[in-house]
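> need a structure here:
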Amino acid sequence: MTEADFVPDRPEDLPDSGSSKWRAPSNIALVKYWGKKKGQIPTNPSVSFTLDNSATLTELRFKRTDKVTGLPAFEVFLQGQPAPYFAPKIRSFFERILPYQPFIAQYHFEIHTENTFPHSSGIASSASGMAALALCLMDMEKSLFPSMDEDFFYQKASFLARLGSGSAARSIRGKLVHWGKQDSVPGSSDLYGIPYPLKVAPLFGSFQDTILLVDKGEKQVSSTQGHGLMKDHPFAISRFTQARSNIDALQPILQEGDLTSFIALVESEALTLHAMMMTSMPYFMLMKAGTLQIIERIWEYRRSNGEPVCFTLDAGANVHLLYPKASQVSVHTFVERELLPFCQGGEHLRDRVGNGAERC
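Numbers count the residues shown, from 1 in each chain. Next comes the predicted model:
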């Protein structure tokens, strides 16, 4: 597939009004991508768990307008309240997708969105939010071209979501998602994410994720800025090579259910991501003291109890504690006794691997 495959024919007729509503999940990468090329193309492939409870619900209401100004008019509402601060990001998204959905210029949109996780909880909503909006827009397109098949629908939804937020490409379908061209992964593409196409042991399909909210404040550096710093990073080429190697190394791990190797790879990936931030110019550190305290206690718990728990990190201070469902009871006790003191207000979220976005 190329970009040209996502340019639609001219529709015969346009509806006067309508609406669509989708629930799209957040995701947590196991193999990280850090760095982007032009057009939201990743510098290396990534693999992520799709989450279940941490999601965005978006309803798109649309009405045809006589005033066509090149871009659709729109209003945004978060939790029922006007949210004009989202307008620049959504306007940029509409600009990027316009060549692939030119019919949107003839509409006024109301975007009503809410998150299932608390506002300012430290969980990035850009991936789930852009994925949900892209799926609503694809419902519009599907109504114009009813013969569109399901695979193309989801491929284009991921393609559009990527243009709003790179990681949103991985928030369309679950449980594991691969994004980025890799010769060893059939059907992989830089343009959209795909359900992981290789064999995966059943235990990974029910993995748990307890998200430990160390810091709910705004990050010092946005993800967009952070990705940009990889352009002149002295270790960039080595990192991209490492990520591709880890994508291949992950394949037998997932197939065989090798938890020991899974833990080593996932934790190394998390620390490497933050090492890239700490060695860029300008350099920055998003981990907090509580992040490091939690990591040390996870390591000690694993050594002393033998439970196959591990951590991963996004580009922030919060810790994702990953573990098999069979370890759920003991890990919840461990979290409550030893880790909550390092969380802001003792807050944490219990999540698990999910199946992807759903139409509401």
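> May I have the residues that are in contact with residue 199?
254, 255 (C-beta atoms under 8 Å, 6 or more residues apart in numbering). In this view, the C-beta of every residue, glycine as well, is placed from N, C-alpha and C.
> helix, strand or coil for it?
coil (DSSP: H, G, I helix; E, B strand; the rest coil).
> so what's residue 41 closest to, chain neighbours aside?
Leaving aside its chain neighbours, residue 41 sits nearest to residue 190 (4.9 Å; criterion: C-beta to C-beta, 6 or more residues apart in numbering).
> what's the neighbour count on that neighbour?
17 (other C-beta atoms under 10 Å).
> For it, report the pLDDT, please.
Note on residue 190: pLDDT of 98.
> how close does it get to residue 162?
9 Å (C-beta to C-beta, to the nearest Å).
> tell me, what's touching those two both at once?
With C-beta under 8 Å, 6+ apart, residue 190 and residue 162 have common neighbours residue 179.
> Name the surrounding residues that touch the helix or strand of the chain with the lowest mean pLDDT.
Within the chain, no helix or strand scores below helix 223-228, which has a mean of 87 by mean pLDDT, DSSP states H and E. Residues outside helix 223-228 that contact it (C-beta under 8 Å, 6+ apart): 34, 35, 36, 124, 126, 166, 277, 280, 284, 315.
> continuing past that helix, what's the next helix or strand?
Next helix or strand after helix 223-228 toward the C-terminus (DSSP states H and E): helix 236-256.
> what about that following helix, average pLDDT?
Helix 236-256 shows a mean pLDDT of 98.
> Can you tell me what sits against it?
Under C-beta under 8 Å, 6+ apart, the answer for helix 236-256 is 30-35, 43-47, 176, 178, 182, 184-185, 196, 198-201, 204, 230, 233, 258, 261-262, 265, 268-269, 272, 276.
> what's downstream of it, the next helix or strand?
Going down the chain from helix 236-256, the next helix or strand is helix 259-278, by DSSP H and E.
> That following helix: which residues count as buried?
Buried residues in helix 259-278, counted by 16 or more other C-beta atoms under 10 Å: 259, 262-263, 265-267, 269-270, 272-274, 276-277.
> where in the chain is pLDDT low?
Residues of the chain meeting the criterion pLDDT under 70: 119-122, 124, 219.
> Just the closest of the buried residues of helix 259-278 to residue 213, please.
Within the buried residues of helix 259-278, proximity to residue 213 (C-beta to C-beta) peaks at residue 270, which comes in at 16.5 Å.
> contacting residues for the closest one?
Residue 270 sits next to 32, 311, 312, 313 when contact means C-beta under 8 Å, 6+ apart.
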